[in-house]
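Compute the structure for the input listed below.
(one chain, ligands or ions: 1)
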Amino acid sequence: MSGRVSFDSVDNQNRVFIDLTDETEPNDSEVQKKLVYGKLPFVTALAYRSPTVPLKRKSLDLSEDVSDSSNDAHNARRPRLSHAHPHPSTPSPAPSLRQSQISVVIPSPTAKQKRDIAVAKCISKVNGMDATFFPTTDEEERTNKAAYPTTKSHVDRRSVLLSFKSTSVLNLPSPTNTNHLAKLRHTLDEKLKRINGPTVIPTIDSPKRLAKLADNFEFVNGYQYREGVERIPDESDFNIGCACTAAGGCDRFTCDCLSKEEDSEDRIVPYEICENNRKLIVATKSFLKRKAIIYECNSRCGCSGARCWNHVVQKGRTVRLEIFDTGSRGFGLRSPDLIHRGQFIDLYLGEVITKAEADERENLTDGSYTQSYLFSLDWYVKDDDDEEQNMKVIDGRKFGSATRFMNHSCSPNCKIVPVCTTNHADEYLYNLAFFAYRDIAPGTEMTFDYNQGEEKTTPQKIDPEAVQCLCGEAKCRGQLWPNKRKGQGSKP
Ligand SMILES: C[S@@+](CC[C@H](N)C(=O)[O-])C[C@H]1O[C@@H](n2cnc3c(N)ncnc32)[C@H](O)[C@@H]1O
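Next up is the predicted model:
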């Protein structure tokens, strides 16, 4: 590359024009700059011409200390040059040059050069980044690679096949059955671990059934009181204890906690030591045959506390339980342990709701054959409207204990008994405790009568709308409840 240097000795005697415009378009403005700066170290700036307008020489004021206004004045005095090649280069004596009088005319940069300049400007603004060392050409290559190619023709994007097969939006690999099953088991295990006492385990293989068990149900260790349910606090003065002494222990003939026979002052003794296991206290054979409520001794009693024989249900479950699949009757409950006659099994737990709330929940499932988990606390409730309004109902559908899986049988091996433990004063709120009616061999399904106390009043004619009983007993009454209304009562 070489440029013509002309010294205008007539009008601009002290001005030098370096014309680079007759060169083939330079490829690299950096080269250009280096050339000019290298050869003419006094040049401090370059001017460019636009390639679209006729070649014009642009004059730069390169003085270092002039203000804008002085610059204007200086320009005003400067004659306008109409052509980049004003004179053929005729040798003339070299003028004395002043830095402020040098004009350099070079071609305007190409598009590529403009990009270089933009990149260089941008880089010089980055802190700690030196334009000299920054690999600008690499940068450009990268920019080019990342740029979207321009489409040459219209592309119908809907016709482009997607590269993945999964229907999942995120294209995530679907979990394998084993994974899913393991997760379900884990969820269920976590829920089961929260249950107090000996283990409760599900023995269910079907992933679908396991999912049903793991889903939308929580095991709880006590009643869950819901809106509208008012209770007499345990510490209320209405709760009283017996006058028995720790030394003598509870007297089975005089203990105030024990219920009295209807027609005498005789006490009803609910418990005895198990004949076949002397460590066990069980419900007596005669008690299991009668209708009575149990009042266990509590912290207000003068007897020996937890060592008192009248503490059974409040000590909690002592048998292991298994939830299994019965097939036609859904899940069922059994134990891998031998259960002795009269042995306490577990409590029926759930949400404690008002009768009105229970009716509302029941109506939502009316007409369908969804399972019912409602249990009325109707021991003291007489068949009159006012009394019914005070009645509480236990709903074991979403929260409950393992006994919520106990099915009905017309010849059951278990019985439900109302038991007051810490609170003797609240007649609308008591525990529902399951006891074994007879010895139950390990692995035998445990059942109770959903119409306990009303067995004989169940109509002989089967209501077609009632839930059909599938207990399979010889004396099966054919239906679970007397009519299509569902829900158990606790009248023993
Ligand atoms: C308290 S749940 C018992 C557990 C229930 N099987 C489950 O899978 O969750 C009561 C429901 O079980 C079913 N069930 C219980 N005993 C039954 C029987 N003998 N015949 C038919 N269905 C029964 C009925 O659907 C009833 O509404």
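
contacting residues around the residue of the stretch 251-400 of the chain found nearest the ligand?
Minimum separation of the stretch 251-400 of the chain from the ligand (CB to the nearest ligand atom) falls at residue 330, amounting to 2.5 Å. Where you see a C-beta, it was placed from the backbone N, CA and C, and this is true even at glycine. When contacts are counted by CB atoms under 8 Å, 6 or more residues apart in numbering, residue 330 is found next to 371, 405, 407.

By neighbours, which of these wins?
residue 405 (24 neighbours; other CB atoms under 10 Å).

Could you check how far that residue is from residue 255?
Separation of residue 405 from residue 255 (CB to CB, to the nearest Å): 35 Å.

Rounded mean pLDDT for stretch 361-381, please.
For stretch 361-381, mean pLDDT is 76.

Now it: buried residues?
If you call a residue buried by 16 or more other CB atoms under 10 Å, then stretch 361-381 has these buried ones: 361-362, 372-379, 381.

Which one of the contacts of residue 330 is nearest to residue 342?
Proximity of these to residue 342 (CB to CB) peaks at residue 407, which lies at 21.2 Å.

With distance to the ligand and secondary structure as added columns, please give the buried residues of stretch 361-381 in CSV.
As requested, the buried residues of stretch 361-381 are exported to CSV (distance: CB to the nearest ligand atom, whole Å; DSSP: H, G, I helix; E, B strand; the rest coil):
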residue, distance to the ligand, secondary structure
361, 14, helix
362, 12, helix
372, 4, coil
373, 5, coil
374, 9, strand
375, 8, strand
376, 13, strand
377, 16, strand
378, 17, coil
379, 19, coil
381, 21, coil
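
biggest separation within those residues, which pair?
361 and 379 (21.2 Å).

just the strands in the stretch 101-250 of the chain please.
102-107, 200-203, 218-219, 224-225 (DSSP state E, counting those that start in this stretch).

Now tell me which of these the model trusts least on average.
strand 102-107 (a mean of 59).

Tell me where the stretch 201-350 of the chain is predicted with low confidence.
Along the stretch 201-350 of the chain, the parts satisfying pLDDT under 70 run over 248, 304.

Near the ligand, which residues of it are found?
Proximity of the stretch 201-350 of the chain to the ligand, by CB under 6 Å from any ligand atom, involves residues 329-331.

Reformat the residues you listed as a markdown table; add secondary structure.
Converted to a markdown table, these look like this (DSSP: H, G, I helix; E, B strand; the rest coil):
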| residue | secondary structure |
| --- | --- |
| 329 | coil |
| 330 | coil |
| 331 | strand |
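
export those residues to a markdown table and tack on distance to residue 235?
Below are these laid out as a markdown table (distance: CB to CB, whole Å):
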| residue | distance to residue 235 |
| --- | --- |
| 329 | 43 |
| 330 | 41 |
| 331 | 38 |
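
who's residue 225 bridged to?
residue 352 (DSSP bridges).

wait, isn't it in contact with residue 354?
No - contact criterion CB atoms under 8 Å: residue 225 and residue 354 do not qualify, at 10.7 Å.

Neighbour count for these two, which is higher?
The neighbour comparison of residue 225 against residue 354 (other CB under 10 Å) goes to residue 354, with 18 against 14.

what's near enough to touch that one?
If you count contacts by CB under 8 Å, 6+ apart, residue 354 has them with 226, 228-229, 391-393.

Need phi/psi at the residue lying closest to residue 228 once chain neighbours are set aside.
Spatial nearest neighbour of residue 228, chain neighbours left out: residue 354 (4.3 Å); criterion: CB to CB, 6 or more residues apart in numbering. Per-residue torsions, residue 354: phi -80, psi 170 (degrees, to the nearest 10).

how close does residue 354 sit to residue 193?
Distance, residue 354 to residue 193, by CB to CB: 32 Å.

and the stretch 351-492 of the chain, which of its residues are near the ligand?
For the stretch 351-492 of the chain, the contact set with the ligand under CB under 6 Å from any ligand atom comprises 371-373, 404-405, 407-408, 467, 469-471, 480.

Mind putting those residues into a markdown table with secondary structure?
Formatted as a markdown table, those follow (three-state DSSP):
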| residue | secondary structure |
| --- | --- |
| 371 | coil |
| 372 | coil |
| 373 | coil |
| 404 | helix |
| 405 | helix |
| 407 | strand |
| 408 | strand |
| 467 | coil |
| 469 | coil |
| 470 | coil |
| 471 | coil |
| 480 | coil |
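
now, which of the residues you listed sits nearest residue 247?
Checking these one by one against residue 247 (CB to CB), the nearest turns out to be residue 404, at 41.9 Å.

surely the closest one meets residue 348?
Yes - under the criterion of CB under 8 Å, residue 404 makes contact with residue 348 at 6.9 Å.

low pLDDT regions in the stretch 351-492 of the chain?
366-370, 384-385, 455-461, 482-492.

What segments of it are strands?
Under DSSP E, counting those that start in this stretch, the stretch 351-492 of the chain gives strands at 351-354, 374-377, 392-395, 399-400, 407-408, 414-420, 431-436, 447-448, 488-489.

Of the ones you listed, flag the one that's most buried.
The highest mean neighbour count among the strands of the stretch 351-492 of the chain, using mean count of other CB atoms under 10 Å, belongs to strand 392-395: a mean of 26.

List the contacts of that strand.
Counting by CB under 8 Å, 6+ apart, 223, 229, 348-355, 357-358, 361, 373-377, 428-429, 432, 487 sit against strand 392-395.

Paired strands for that strand, with orientation please.
Counting by DSSP bridges, strand 392-395 is paired with strand 351-354 (antiparallel), strand 374-377 (antiparallel).

Export only the CA atoms of that strand, formatted as PDB.
In PDB, the C-alpha atoms belonging to strand 392-395 read as follows (Å, rounded to 0.1, in the frame of the first residue of the first chain):
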ATOM      1  CA  LYS A 392     -70.300 -36.200  66.800                       C
ATOM      2  CA  VAL A 393     -69.200 -38.300  63.900                       C
ATOM      3  CA  ILE A 394     -65.800 -39.800  63.200                       C
ATOM      4  CA  ASP A 395     -64.800 -39.700  59.600                       C
END
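
Contact partners for the closest residue to residue 292 other than its chain neighbours?
Residue nearest to residue 292 in three dimensions, not counting chain neighbours: residue 268, with 5.3 Å by CB to CB, 6+ apart. Counting by CB under 8 Å, 6+ apart, residue 268 touches 258-261, 287, 290, 292.

go on, residue 208?
No contacts exist for residue 208 under CB under 8 Å, 6+ apart.

And it, how close does it get to residue 397?
With distances taken as CB to CB, residue 208 is found 19 Å from residue 397.

How about residue 415?
23 Å.

Same check on residue 337?
Residue 337 is 28 Å from residue 397, by CB to CB.

again, but for residue 187
Residue 187 is 18 Å from residue 397, by CB to CB.

how many neighbours does the residue nearest to residue 282 when sequence neighbours are not counted have?
Leaving out its chain neighbours, the residue that sits closest to residue 282 by CB to CB, 6+ apart is residue 342, at 3.2 Å. By the criterion of other CB under 10 Å, residue 342 has 25 neighbours.

Then residue 342 would be within a helix, right?
No - counting by three-state DSSP, residue 342 is not part of a helix but coil.
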